[in-house]
Each structure stands twice: as structure tokens, then as C-alpha cells.
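> 3D, please:
(6 chains)
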Protein chains: 4
Amino acid sequence: MDEVDISAGHRRSPAKHRAILQAAIEVFLREGYSRASVDAIAAVAGVGKQTVYGHFGSKERLFLAAVEAARQAGGSGAEEQEPPSEGSGDVVGYLTPIGTRVLNSILSPEVAALHRLTIAELTHHPELQRSWRGSEAAQEASKAIAGYLAERDRAGELSVPDPGRAARQFVRLVATEARVRSLYGTQPLTGEERTAIAREAAELIVRAHSHCPECGS
Amino acid sequence: MDEVDISAGHRRSPAKHRAILQAAIEVFLREGYSRASVDAIAAVAGVGKQTVYGHFGSKERLFLAAVEAARQAGGSGAEEQEPPSEGSGDVVGYLTPIGTRVLNSILSPEVAALHRLTIAELTHHPELQRSWRGSEAAQEASKAIAGYLAERDRAGELSVPDPGRAARQFVRLVATEARVRSLYGTQPLTGEERTAIAREAAELIVRAHSHCPECGS
Amino acid sequence: MDEVDISAGHRRSPAKHRAILQAAIEVFLREGYSRASVDAIAAVAGVGKQTVYGHFGSKERLFLAAVEAARQAGGSGAEEQEPPSEGSGDVVGYLTPIGTRVLNSILSPEVAALHRLTIAELTHHPELQRSWRGSEAAQEASKAIAGYLAERDRAGELSVPDPGRAARQFVRLVATEARVRSLYGTQPLTGEERTAIAREAAELIVRAHSHCPECGS
Amino acid sequence: MDEVDISAGHRRSPAKHRAILQAAIEVFLREGYSRASVDAIAAVAGVGKQTVYGHFGSKERLFLAAVEAARQAGGSGAEEQEPPSEGSGDVVGYLTPIGTRVLNSILSPEVAALHRLTIAELTHHPELQRSWRGSEAAQEASKAIAGYLAERDRAGELSVPDPGRAARQFVRLVATEARVRSLYGTQPLTGEERTAIAREAAELIVRAHSHCPECGS
DNA sequence: AATGAATGAGCGTTCATTCAT
DNA sequence: AATGAATGAACGCTCATTCAT
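Coordinates of the predicted model:
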């Protein structure tokens, strides 16, 4: 009884609302703001144009709502993979798959397209700044990594005076390298490339925070 | 033959060609591809619309030519600053101003706008990929840094097994952190922020390639 | 049964009927027929759009009903002022304030707007002709004036062979001069202007129907 | 060489300008401002819509230009009839045909439609006020009548202390009576009706300014 | 070569009206 | 009876492009 249209027909149907939003995400991400036409979005959603305006008022407001919805949808699902075992001393072996997951999330077509779109429209739609701050899905991974590094520091395995900074640098390196090499997500990257990017970054971070292998300082 | 227009009247005037390109850069960078109108570009250039078509054939070709011209113009001028003295052992002190220069270049309004525009239009204008590869003005700085790090390695001051990778990582870190914090160049960054970004990255690189201060390994 | 809505819920509520009419008058007079939207009228009336259609069937019928209602409302209230003392021989002094009252009625915002609206829509809504004939609120004043002039004639003070015609001419002169000078009620007229208009017309009528001051013919 | 298109083809063609204006007059006068569509005007003019915008910029500016052009066109041609012989003592016989001509001009379909349109749009297009003042084609007739009455006064045939006022009153009476009876030009008036209206007004004016037939005062 | 007038398609938006509740 | 969501057609206006000069 929840699937379609609870008490539908009279109140503004949430089903159509979602359909329009979904269509808007699809078309805006594919075409960009200017090229996307409200007609096309309405057609994809399977509703009349005025229904779109009834729900969202204007192309601009629809756009902002779509970006926000896409951001939330894109953020979720990234962490559904199992967290790797906390324990071992192989820090590079631990960080690399995490970096790969961040990278996979960032290069997913939807997330990458959303990222490009946000950058493209920042100057004409300053409200996107709000979206931007929360959008770096990688920031959640960043916190987990910071926690892990702090633990390694406490365990005496690494020397990490500022785990937050180190985690942020790791994530930035992974994300940026991936974006640059994939032309901001428009060109595919093989699994090997992805792993190599993550490992390179992991190695840098580990090197920078290792005790001296000889004297232990 | 380069003067201005001396033989004008029948051959395509190079002066008008440049004026159109300049106007196109201005308008495309400000408005984006779709929002920019050929009318507006012709008006800014002070020529008739058909002249634009005579020179460039279509809006799309004009766009690509404008991006290419902007890329060349943007790349130059970044290195006009004197290279810092090569010598000293203060590697962070050496890398930080270089990073700051990279960052200043990247955040200049024209370069940042060009970067956003390229990202925005990558999917609709695949030819921009050509532009992209050569556009990272930072790559020149990268080579200089790699050379410097290799030298430090040879001098026994640092241990840099892969100077190219380290230099690239440094430049990526600086550029990305700057872009993220400035919303891809749409928000200003203070001098202190810029310096701090560069120093953070420099410190990471240096930490990662230092000899152990105690045992020298 | 006239209270408010006591039996509401199934029979058409007269209260809503009146509210819709009132809202329609307001919006049509302010915006004109084409510019007025049924949405706006429904919103002003505080009812749903279908309620409007349930009561009036179409925008056009609502319009005609609104004009008719406005005409009736506008006609009333004009004569609530006391009739001046019948007696004196100062005919100009008697006619002038009557003319001023006619003029004030005609220039009241609602009456003037209704007049403009009727003129504007005459060709597209021929039914407005019915409204038109009865709308000249001044016609009631005209009859009173005719009676007064006839009385002056019987008393030998004036020579008015056709009091109806004279009264009509007086009212026409006052109304037209007022409308022309106020741009059909869109520009205000001072009290002095109003009085002067009425007096000018009164003087003409009196001159035209006076006995010769010398020989009495 | 002047008829069509002097050096046409390159500069904005005056012929199309006039065609658009003519079409706009036709459609605006027939439909009113809101109902008239730019598409319809362009179609009637036989040009593309953008041509209309190239020439006039917006519907509103086209409207104002059309009203102005219609006013000028409407004003001319009214006076092409021969002025009646100045002489005689039959003032009513002299004024009546003049009044009839004024009335015929005012009731011509174009002039009447323009008048209605101007009244209808006064509040939404205040610039029409400029048009308004000069539009009363009757004002020229008014001056002629004033001159005639002044002459009669000098000749001792009438006593007209303020010929300008008297002429204005005459014209107002004729015009208003004609408009009211013809529903502002939307219903035809027979020749007899027209003459009767003019004569009624003429008689009033003459009565008001006659010397006493008995004592001559 | 260069102009800008002109085109036809398309844009975002709003309308009077009907449908489903 | 009454709601407001939904529709399809139109609106004013702008666009990239071509034509005629």
C-alpha cells in the first residue's frame, strides 16, 4: 500500500514528484543546465510541463532540487562495502582498497557527472555552494581513515601528528589523480589504473609517517 | 604584414580574427557555452555576425578555437617570476613559494574559468580533450620541481626514488586543495590561506622523502 | 438560510458565490479581462478553482456576472446625499453641486474602472451592451434635473421647452469634461476643477434657457 | 523611385517596417493589447516573428508605436472636406454639418477602435497619455468653430463672451452623444441620428449665445 | 570580405479548463 | 459541492544560422 500512491489523486502525488526529480537528474546530468529543456524533463518523467511547474515552480528551482537529490543519492551506497579488517601492520595494504573505493565512488557516472555539473554552474547558481560543501562523499571515508591513522599512531606503528590532515591529503590525492586521468570521469579507468593510483597515494602517506626502519625514531 | 589591416577590404583581416577570438574568450568564459550567444560575441568584437561565421564557421568551432587560444594565453605569463635560488637545505622553504605560484596561476580568474568551462563541456565537445592534456600549466612547474628533488636526492639531502611522481603529487595536492577551498576559483583565497596550502603539501612531500634525522637512513 | 454556510457541504454556498463575485470584480477591474486569471480570482476569493467553474461555468460568464454585479453596486450609494433645497432662483448654484455629485460618482475608482472595462470589452463581449444601457448612473440624476428644470419653467423663471434634453445635455457635458480631463478616471481632479467643470456646464444650460433679462422674453 | 524600397535589402527595410506597423494597427485595434499575439501580427505583416522584434524590440513598444501611427493616420483625412461658407446668419445651419463631420470622424471604425483601445490600456500603458492629448481630432474642428463664433460675436449676431469654451462644449456634446448612442462606435448610427445629434448640440449653443429676439440685448 | 536583416525552431512560462478524489 | 493536480495549447521572446547586398 505504500508502493505507489497512498491516497493519491488529490494531493500532489509524491510519485510524480519523485519521477520528475529522477528525470531532472537524468537530463540535467546528461545535458547540463542550459541544454536541458523543461520539455525534455517532463517527457522523460511522463508528465505534462505544467505539472513540473506545479511541483517545482521554475527550471532553476527544479535544477537545485535535482542537484540536491542527486547529491544525497550519490553519497549513499558508497559505504555498503565491508570495512576491511582493522588490525594489520600493512598500512599500504589497508589504505589502498579504501582509496580504490573512494575512487570508484567518485568515478561512477552519476557522481562524476554531478561533480562536473556543479563546477560548471557554480557561477550562475551560487546556491550550489551549499551542495558543494556536503557533496564530497569522500569526506566520510576521510574520517574513517583519520581514525585508522590515529590508531596506528597510538599503536606506535606510525608517527602521525595530524591524522586529519594526512587523511585529507590521501583522499585528495586519490580523487584528483583519478579525475585528471579520467578527464573528470568522462574516460574509463581500468582496475589496475585505479589500484595504482590508490597505492601511489597510500605509499606517499605511509612514507611520510613511518618510523625510521633502522633506528625507530 | 602583421600591422593591422593595411590590405583590408578583401582578405580576411587578422585583426578582426583576433578581435573575435578575444571576444569569444571573454563571453564564453563568463557565460559558458550555451548561454553565450554569437550575437553577443559579435557585438563585443565589434563586427557583424556574418563575419564571425566567415572566420569560424559555427558556434562550436569558434568555441573550440577560443578555448585553445585561451589555453595558450593562460599558460604563458605564469613563469615570468624569477626561479628561487636553487641551493639551500630548507626544502619546505623552497617548495612553498613554488606551490604558491602554481596556486596563484590556477586561481587567476581566467585560468579558473577556463578550467571550469573545459570540465563543463568535456562531454559535449570531445575535442576539448586535446586542450585538456596540455592545459595543466602546472606541469611545467612540475618538471622544475622534479629536477630540484632529483638534485636534492643526488646531494644526499633527501631520498627521492621517483622525483617525477613526488613532484606530481605535490602539484596535485596544492592545486586540488586550492580548487576545493575556493570553489574552483569562484571564491577568493587570502594570501595566508594560499601559503598554508602550499606549505602543507610541501611538508608532506618533505616528510615522505627525508632521511631519518637520527640515524641518517 | 442567508447566515453563512450553515447547510454547507452539498448545496452551493451563497457566501462563496458572493466571495467569488467580489474577487472577480476586484481582479477584472484592476487587470482587465485578458490579464485577469481565473487562478488569481480563485485565490483572492479563497476558494478552489473548480469552485469558480462550478458556480460560473467559464471565465467569460464569470466576467459578465462580475460586470453586472459591479454595475449594480456602483449605481447604488450615489444618491445617498441629501437633495439640495428645491427652491431658489439661483439655478447655477443649484445645478453646480448636482453636477459635482454626478462627476464624483463617475470618477470614483470603481465606477471609472468599470466604465473603462466595459468600453474595452464591448466588441468581444456583446452582452455587455445590456450592462451599458443601465449603467449610466447619471441617468437618475438626469431625471431629477429634468424635473427641476420643468419646475423652473412652470414657475416662469426659465424657458425650458425640452427639460429632458436639457438635463441630458447638462449631464453629458459634466461627465465628458470630467472624463477627458482625468483621462477616464486615471488621473485625479481637484475639488476646484470638479466644481469648475460643473459650473461651466450649468452656466451653459442656464444661459440657453434664460429669459431675456431686459425684456423678459 | 520612392515607392518601395529605395536601396533595400541591406538596411532595415522601411517597407517591412510599415507593413508590421500596419498589421499591428489592424490586429491591436481588432483584438486589444492582450489578445493580440505577436505571432498573429507577424503573420498578417507577412514577416517572421524575429523581424518584428528586430524592428520594435517588444510587444509593448510595438503597441505604442502602432497606437501613435494609428493616431496620426486617423487624424489626417478628417479635414479634407470643404469648409462651409463662412457667411450666413443661420448659425445652427452652419454648426450642424461641422458637428456631423466631427461625429463621422469619431465614429469611423478605426478612430473609434483606437479610442476604445486607448481607454482600455490607459492604466497598463501610461505612455498612452501622450498619445491621448493629441488624439482628439476634434480639437482642430474646435478651433475653427471658436473662430467662427468669435466672428459672429464681432458681427453682433451672437453674444459669445468665451468662444473657446463654447466651441469646446459644442464638440464635447456632439462627440459624447454620438459615442454613448453608438456604444463607443460599436453600433452604427444612421445619417438622421447623426444629424439630429449635431443639431441638438448646435441649438443649445446658439440658444445660449443669442441676443434676445425682442429687445436685442 | 563583411554587413545586419531575416528566418524557423525552440525556449521557459502561463493559461483556461478538466479530472480524479 | 469543492478541491487543486494535471493537461495541452499558447504566449512573448531568443537563438544559431542564412540571405541578399
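> what segments of chain A are helices?
Ranges of helices within chain A are A:14-31, A:38-45, A:49-56, A:59-75, A:91-107, A:109-121, A:128-135, A:138-154, A:163-181, A:191-208, based on DSSP state H.
> mean neighbour count, distance to D:Lys59 and mean pLDDT added to the ones you listed, as a markdown table?
Using the backbone N, CA and C atoms, a C-beta is placed for each residue, glycine as well. Formatted as a markdown table, those follow (neighbours: other CB atoms under 10 Å in any protein chain shown; distance: least, CB to CB, whole Å; pLDDT from 0 to 100):
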| stretch | mean neighbour count | distance to D:Lys59 | mean pLDDT |
| --- | --- | --- | --- |
| helix A:14-31 | 19 | 31 | 93 |
| helix A:38-45 | 18 | 23 | 94 |
| helix A:49-56 | 17 | 22 | 92 |
| helix A:59-75 | 19 | 23 | 88 |
| helix A:91-107 | 21 | 49 | 93 |
| helix A:109-121 | 22 | 31 | 94 |
| helix A:128-135 | 16 | 34 | 75 |
| helix A:138-154 | 18 | 51 | 88 |
| helix A:163-181 | 22 | 48 | 94 |
| helix A:191-208 | 20 | 57 | 95 |
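> just the C-alphas of stretch A:109-120, formatted as PDB.
Only the C-alpha atoms of stretch A:109-120 are listed here, as PDB (Å, rounded to 0.1, in the frame of the first residue of the first chain):
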ATOM      1  CA  PRO A 109      28.900   8.100 -13.900                       C
ATOM      2  CA  GLU A 110      26.400   9.800 -11.800                       C
ATOM      3  CA  VAL A 111      28.800  11.200  -9.200                       C
ATOM      4  CA  ALA A 112      31.200  12.300 -11.800                       C
ATOM      5  CA  ALA A 113      28.500  14.000 -13.900                       C
ATOM      6  CA  LEU A 114      27.100  15.700 -10.800                       C
ATOM      7  CA  HIS A 115      30.600  17.000 -10.000                       C
ATOM      8  CA  ARG A 116      31.100  18.400 -13.500                       C
ATOM      9  CA  LEU A 117      27.700  19.900 -13.400                       C
ATOM     10  CA  THR A 118      28.200  21.600 -10.100                       C
ATOM     11  CA  ILE A 119      31.500  23.000 -11.200                       C
ATOM     12  CA  ALA A 120      30.000  24.200 -14.500                       C
END
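> surely A:Arg101 is in contact with A:Ala141?
Yes - assessed by CB atoms under 8 Å, A:Arg101 is found in contact with A:Ala141 at 7.1 Å.
> are stretch A:141-151 and chain B in contact anywhere?
No - if you take CB under 8 Å from any CB of the partner chain as the test, stretch A:141-151 misses chain B, and the best it gets is 12.0 Å.
> quick one: contacts of stretch A:42-60?
A:12, A:16-17, A:19-20, A:22-24, A:26-27, A:38-39, A:41, A:62, A:65, A:125 (CB atoms under 8 Å, 6 or more residues apart in numbering or on different chains).
> now what about stretch A:129-143, what contacts it?
A:64, A:67-68, A:71, A:74-75, A:78-79, A:98, A:101-102, A:105-106, A:111, A:114-115, A:118, A:122, A:164, A:167-168, A:170-171, A:174-175, B:180, B:183, B:187.
> per the record, what domains does chain A have?
Domain segmentation of chain A under automatic domain parsing yields A:14-74, A:80-208.
> end to end on the shortest one, go ahead and measure it.
In this case it means domain A:14-74. End-to-end span of domain A:14-74 (CA to CA, to the nearest Å): 21 Å.
> close to DNA strand E, is it?
Yes - contact of domain A:14-74 with DNA strand E (CB under 7 Å from any atom of the strand) involves A:Ala36, A:Ser37, A:Val38, A:Asp39, A:Ala40, A:Lys49, A:Gln50, A:Tyr53, A:Ser58, A:Lys59, A:Glu60.
> before we move on, the earlier item: could I get the helices of chain A as TSV with distance to C:Glu151?
Formatted as TSV, the helices of chain A follow (distance: least, CB to CB, whole Å):
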stretch	distance to C:Glu151
helix A:14-31	74
helix A:38-45	72
helix A:49-56	65
helix A:59-75	71
helix A:91-107	98
helix A:109-121	81
helix A:128-135	81
helix A:138-154	95
helix A:163-181	99
helix A:191-208	108
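> now these in CSV, with distance to DNA strand F?
Below are the helices of chain A laid out as CSV (distance: least, CB to the nearest atom of the strand, whole Å):
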stretch, distance to DNA strand F
helix A:14-31, 4
helix A:38-45, 7
helix A:49-56, 3
helix A:59-75, 12
helix A:91-107, 32
helix A:109-121, 16
helix A:128-135, 22
helix A:138-154, 35
helix A:163-181, 29
helix A:191-208, 37
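> out of those helices, nearest to C:Ala202?
Set against C:Ala202 and scored by CB to CB, the helices of chain A come closest in helix A:49-56, at 58.2 Å.
> please compute how far that closest one lies from its chain's middle.
Centroid separation for helix A:49-56 versus its chain: 29 Å, with CA atoms, centre = their mean, to the nearest Å.
> and A:Ala66, how close does it get to D:Arg61?
Going from A:Ala66 to D:Arg61 by CB to CB, to the nearest Å gives 37 Å.
> brain fart, A:Ala19
42 Å.
> one more: A:Ala45?
Applying CB to CB, the value for A:Ala45 to D:Arg61 is 38 Å.
> same question for A:Gly54.
Distance, A:Gly54 to D:Arg61, by CB to CB: 33 Å.
> same check, this time on A:Val111
48 Å.
> farthest pair in the residues of domain A:14-74 next to DNA strand E?
Distance extremes for the residues of domain A:14-74 next to DNA strand E: the farthest pair is A:Ala36 and A:Gln50 at 17.7 Å, using CB to CB.
> no further questions, thank you.
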